[in-house]
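# Below is the sequence, then the predicted model.
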Protein chains: 4
Amino acid sequence: MRPRFTLDALNAAQPDEFAAALANVFEHSPWIAAAAASARPCASLAELRDAMIAVIDQAPPERRLGLIRAHPDLANRTRRAAGLTAESTAEQDGAGLDRLSDAEFALFEQSNGAYREKFGFPFILCVRRHTRDSILDTFARRLKNQPTQEEREAIGEVGRIAALRLAELIDSETPLPINGRLSTHVLDTHAGQPAAGVALELIELSRHGANRLIAKTATNADGRTDGALIEGRPVPIGTYELRFHMGDYFLRRGVALSEPPFLEMVPVRFGVSQPEAHLHIPLLVTPWSYATYRGS
Amino acid sequence: MRPRFTLDALNAAQPDEFAAALANVFEHSPWIAAAAASARPCASLAELRDAMIAVIDQAPPERRLGLIRAHPDLANRTRRAAGLTAESTAEQDGAGLDRLSDAEFALFEQSNGAYREKFGFPFILCVRRHTRDSILDTFARRLKNQPTQEEREAIGEVGRIAALRLAELIDSETPLPINGRLSTHVLDTHAGQPAAGVALELIELSRHGANRLIAKTATNADGRTDGALIEGRPVPIGTYELRFHMGDYFLRRGVALSEPPFLEMVPVRFGVSQPEAHLHIPLLVTPWSYATYRGS
Amino acid sequence: MRPRFTLDALNAAQPDEFAAALANVFEHSPWIAAAAASARPCASLAELRDAMIAVIDQAPPERRLGLIRAHPDLANRTRRAAGLTAESTAEQDGAGLDRLSDAEFALFEQSNGAYREKFGFPFILCVRRHTRDSILDTFARRLKNQPTQEEREAIGEVGRIAALRLAELIDSETPLPINGRLSTHVLDTHAGQPAAGVALELIELSRHGANRLIAKTATNADGRTDGALIEGRPVPIGTYELRFHMGDYFLRRGVALSEPPFLEMVPVRFGVSQPEAHLHIPLLVTPWSYATYRGS
Amino acid sequence: MRPRFTLDALNAAQPDEFAAALANVFEHSPWIAAAAASARPCASLAELRDAMIAVIDQAPPERRLGLIRAHPDLANRTRRAAGLTAESTAEQDGAGLDRLSDAEFALFEQSNGAYREKFGFPFILCVRRHTRDSILDTFARRLKNQPTQEEREAIGEVGRIAALRLAELIDSETPLPINGRLSTHVLDTHAGQPAAGVALELIELSRHGANRLIAKTATNADGRTDGALIEGRPVPIGTYELRFHMGDYFLRRGVALSEPPFLEMVPVRFGVSQPEAHLHIPLLVTPWSYATYRGS
């Protein structure tokens, strides 16, 4: 999906055109874009986002609460049938919320209920920065918040959602730092060269539902993958496993292996905590040893 | 189970006492022990085993075939109900053949059938040297054998079974090299010292059935386990996973970790191909990196 | 030094201008450039070099021998006083041949003498691809050659020297693959991030003379050096040591160390065998462990 | 040298025999042994040592100072000519103090002078726990002490010297924890087995004098050395280099290497800070990579 606007065009647009263009940046709350029109021109996307956040910060408390209440519950089937914004649907689907196991769905229902009961408004989270597991972990953590503190966290997430929506809508030479990257590199330290043609998968692990295949590819001549495993979007917080099929690789290279091989599929399990960072997971490997580390 | 005899006592026993003592070393074939009595005295357990194998080698072909046919099918429920020797039952149970999944059971039935059809005798394997996966792999490999070649392999396995039974029955200062060892060691290279108190599990992996927990323990002050993970028996051929719970360990040590931690449970997956060897799987680990290798 | 010509200009030049421009590409042998003028236009630098080499290959044997004889002895003080071409002087100085120890000088004299005696012509080597040690090793190896074989090796080196001179003289969008690169990267696997501010040196080791400091620098925020340790030229064949001052680094980071530290200066000693390749030497290091490997 | 006494015999000896036997445990101070006789019987060597230290602690200050003054200067040629006790000579020679370079000797003279000037008594150090470098470092550190603090440190060292002398004199089933150990292990992770026959040296490094070869050996079939590199004595505080000749090893194994090899002699440089500890320095190595760590 190509951005529909340029920052220059939005700076030059009539206030109502501007407001219409950005109406959905905040869920069911076009008043924010309308009020931010007067802050133009904005020199960068970050300036535009800050201007919109400032509108929220300066709004009366009831209006802020209204903004929060305008958001849908996460993974709520009834409400979804009734109609989410297209933006919310795409975001929730991206996080796998449309393919929950029964156990996961039950946990989401229960978390939504407990949260609403305590705070009186829906749980807001920028789900594109999260996996199913980390959404449930965040539910648990934030349920312990005091109401004021939680309202602040909710507004913070509203800002993160807005930043991702702005980045999709608007082309700019000063992009927002919203994208992370997850990459790998396989070094064959038996041969002293990059390991080419190693089949590998990236799996998102789930405590309560099915694991999810995120990428399935093979290393190129440089021992890397053509394109990062995840790039051009946040790397969702969660736990993953990289599976490197080293047995097949060494067999193809003609190395004498035991039967079964000492190393066949090498799993590397790791946590992602910073969705906007560059995370590099190399594998240094022989048929009899391997090492991995958090690189950058 | 303590051995019931000493080699010295067996060397000194009357031929019929000797034959009775070792009657079950070969399945339903007391004639082998009876004939081996005249080879005494034996200076070592290995010499005794070799004398019994020599009896088989020198027997007429029909007798060798009879020995093979005296063995039970693997994992055969009907036959088991009818009555295996106590030795066979214990050996098959040790390999997990009493807890097969339905899929595994079907595969064993089918393998037994195909094997009997081709060779006309039951499949013999020293199952204490194998996991369920490697039994099925061996079935597949040996089904491709020529009959003469396969008879040789079957007799070879009969000898391996006998060696294990002899070692259980007889105390000797010259033990047979039938036992392997699987051990681990966790080095905390963040602190520069052994990692004490790391919870870990050893899992036997299965392609067609349930994985099986082999050991659940924790490292001691020296970063090792009190007692090897497997010792005093063959380490069954197969694929395993060691699971090191490093996140909890580093949390307890007070190291600042990300949320979720980069490393929480570290899985090390490896193949065992030599049941009688010493296999050492160390883990060198910081909160951000680890390495492992086949040690000895 | 910026190239003085472009390939386009040389393609368009009068034959005598072309011959004058490239007269010194082959030592005291302007006839090669003169003869190669008719091979123009050349689509790339490689094509131009090949055209000049073809002139040599097609020349009568005496002429080829004359070309070889036109080269200076390596590291010959008398001859240098008498006058080397500026190109030869720069190349030999670059390899450290102007700063030989007495022992090294004696070895060079002796090698030159033995070589001349056997082959009747001077030893030719593209010294910019070599260290003092590897020049002496190459002397020893090539002294065992048969004369015909050695003449071929000598002409091969003439071609390598010419390629480097062409690359310095001529600007082209299709550069010759004459440059290697040597780089490093320090990963602090205690902190899980690049190690910034690590002082390091690259030393060229010598068996017979003084070691030579090639680079002295420190890592940047990314754990790399600003610019590779060696780039824009061949990485001379030889043995090197990288010295990483990790003790100071970890002290500055506030890590509790023993006294003296377990790791203070970490030496990594390695051989370079491919001057035109990219060689990457990473260091993964905690206060209590490190690992390195040939990366790319 | 076998111990001359047993603890039992000393417990049973007449007071004057006891005093004579242990007269030299404290330099030129037989009164300590004499006074400690009444503390017998001692259940362990540690109890005996503590009894002797208690004598010093309870002595009048002048006597304690006399004990300190009875010690020789370190590395003092004049005094040595005049006559050190045999114990002191052996200890100082063991630390290499009889083979100082001129620069080192000058530093020792200067340190001795500055120390005597500040404190009025000789510098006492249990030199068998130190290398030349660490003696000089300790001089520098202790010169900054206050006199009372320094007297305490001096008496502490007197106790360490006494413990080593007691351990040499007396056989006991409860030895004092005075010995450390330095060992190594070479794992060939290219072949997945211990590296046998690797030539290696242990060098004590010196900032001001010549490095000193401590051990020169080769690995056995288990990749270890027959006997630790240092054992049965303290491992002197200082900086060392282990040099592993891996190029020769891999050549012998028939591995295809580059010319020169990427790894030929692998130096591992490390500091020792705990003379009584077990320090294990493994090398995990392929022709293209290696790792090392402080093991135990």
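Noted; the coordinates are in hand.

# next helix or strand past whichever strand or helix holds residue A:57?
For residue A:57, the element it lies in under DSSP states H and E is helix A:45-58. Heading C-terminal from helix A:45-58, the first helix or strand you meet, by DSSP H and E, is helix A:61-69.

# which secondary structure elements does that next one contact?
When contacts are defined as 3 or more C-beta pairs under 8 Å, 6 or more residues apart in numbering or on different chains; DSSP states H and E, helix A:61-69 packs onto helix A:147-169. Glycine gets a C-beta too; all of them are placed from N, C-alpha and C.

# contacts for the helix it packs on?
Helix A:147-169 is contacted from outside by A:1, A:3-5, A:21-22, A:24-27, A:45, A:48-49, A:52-53, A:56, A:64-65, A:67-68, A:71, A:87, A:91, A:118-119, A:121, A:123-126, A:128-129, A:142, A:145, A:175-176, A:178, A:234, using C-beta atoms under 8 Å, 6 or more residues apart in numbering or on different chains.

# Could I get the full set of strands for the stretch 51-200 of chain A?
Applying DSSP state E, counting those that start in this stretch to the stretch 51-200 of chain A gives strands spanning A:170-171, A:180-188, A:193-194, A:199-204.

# got those strands as CSV, with mean pLDDT, distance to residue B:275 and mean neighbour count columns?
Shown next, in CSV, are those (pLDDT from 0 to 100; distance: least, C-beta to C-beta, whole Å; neighbours: other C-beta atoms under 10 Å in any protein chain shown):
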stretch, mean pLDDT, distance to residue B:275, mean neighbour count
strand A:170-171, 92, 64, 19
strand A:180-188, 97, 29, 23
strand A:193-194, 96, 34, 17
strand A:199-204, 98, 29, 19
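
# So for residue D:212, which of those strands sits nearest?
Among the strands of the stretch 51-200 of chain A, strand A:180-188 comes nearest to residue D:212, with 37.6 Å by C-beta to C-beta.

# what about the closest one and chain C, touching?
Yes - against chain C, strand A:180-188 shows contacts by C-beta under 8 Å from any C-beta of the partner chain at residue A:187.

# Tell me the residue of the stretch 1-150 of chain A that sits nearest chain C?
For the stretch 1-150 of chain A and chain C, the shortest gap (C-beta to the nearest C-beta) falls at residue A:134, measuring 19.4 Å.

# I should have written the stretch 101-250 of chain A there, sorry.
residue A:192 (4.8 Å).

# give the contact list for the spatially closest residue to that residue that is not a sequence neighbour.
For residue A:192, ignoring the flanking residues on the chain, the nearest one in space by C-beta to C-beta, 6 or more residues apart in numbering or on different chains is residue D:288 at 3.1 Å. Neighbour list for residue D:288: A:189-193, C:293-294, D:262-263 [criterion: C-beta under 8 Å, 6+ apart].

# Same check on residue A:94?
Shown in contact with residue A:94 (C-beta under 8 Å, 6+ apart): A:127-128.

# any idea how far it lies from chain D?
Look at residue A:94 and chain D: by C-beta to the nearest C-beta, to the nearest Å, they are 39 Å apart.

# From start to finish, how long is stretch A:23-40 in a straight line?
Distance between the two ends of stretch A:23-40: 16 Å, counting by C-alpha to C-alpha, to the nearest Å.

# So for that stretch, what gets flagged as buried?
For stretch A:23-40, the neighbour count (16 or more other C-beta atoms under 10 Å in any protein chain shown) marks A:24-27, A:29, A:31-37, A:40 as buried.

# which one among those gets closest to residue B:103?
When these are compared against residue B:103 (criterion: C-beta to C-beta), the nearest one is residue A:27, at 48.0 Å.

# how near is the closest one to residue A:16?
20 Å (C-beta to C-beta, to the nearest Å).

# do residue A:100 as well
As for residue A:100, its distance to residue A:16 is 40 Å (criterion: C-beta to C-beta).

# Looking at these two, which is more packed in?
Between residue A:100 and residue A:16, counting by other C-beta atoms under 10 Å in any protein chain shown, residue A:100 is the more crowded of the two (20 against 10).

# quick one: the more buried one and residue A:92 touch, right?
No - look at residue A:100 against residue A:92 with C-beta atoms under 8 Å: they stay out of range, at 10.2 Å.

# What segments of chain A are helices?
Applying DSSP state H to chain A gives helices spanning A:7-12, A:15-21, A:31-36, A:45-58, A:61-69, A:77-83, A:86-94, A:102-119, A:132-142, A:147-169, A:246-252.

# Could you export these as TSV, including mean pLDDT?
TSV is the format used below for the helices of chain A (pLDDT from 0 to 100):
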stretch	mean pLDDT
helix A:7-12	94
helix A:15-21	95
helix A:31-36	95
helix A:45-58	95
helix A:61-69	94
helix A:77-83	59
helix A:86-94	77
helix A:102-119	92
helix A:132-142	95
helix A:147-169	95
helix A:246-252	98
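
# May I see those arranged in CSV, with distance to residue C:214 as well?
Shown next, in CSV, are these (distance: least, C-beta to C-beta, whole Å):
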stretch, distance to residue C:214
helix A:7-12, 48
helix A:15-21, 58
helix A:31-36, 57
helix A:45-58, 44
helix A:61-69, 62
helix A:77-83, 65
helix A:86-94, 51
helix A:102-119, 58
helix A:132-142, 48
helix A:147-169, 45
helix A:246-252, 36
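
# circling back: between the buried residues of stretch A:23-40, which is nearest chain B?
When these are compared for distance to chain B (C-beta to the nearest C-beta), residue A:27 wins out at 26.9 Å.

# May I have the phi/psi pair for that closest one?
Residue A:27 adopts backbone torsions of phi -50, psi 120, taken as degrees, to the nearest 10.

# Can you tell me how far it is from residue A:151?
Here residue A:27 is placed at a distance of 16 Å from residue A:151 (C-beta to C-beta).

# Whichever residue of the stretch 51-200 of chain A sits closest to chain D: neighbour count?
Closest residue of the stretch 51-200 of chain A to chain D, C-beta to the nearest C-beta: residue A:192 (3.1 Å). Neighbour count for residue A:192, taken as other C-beta under 10 Å: 20.
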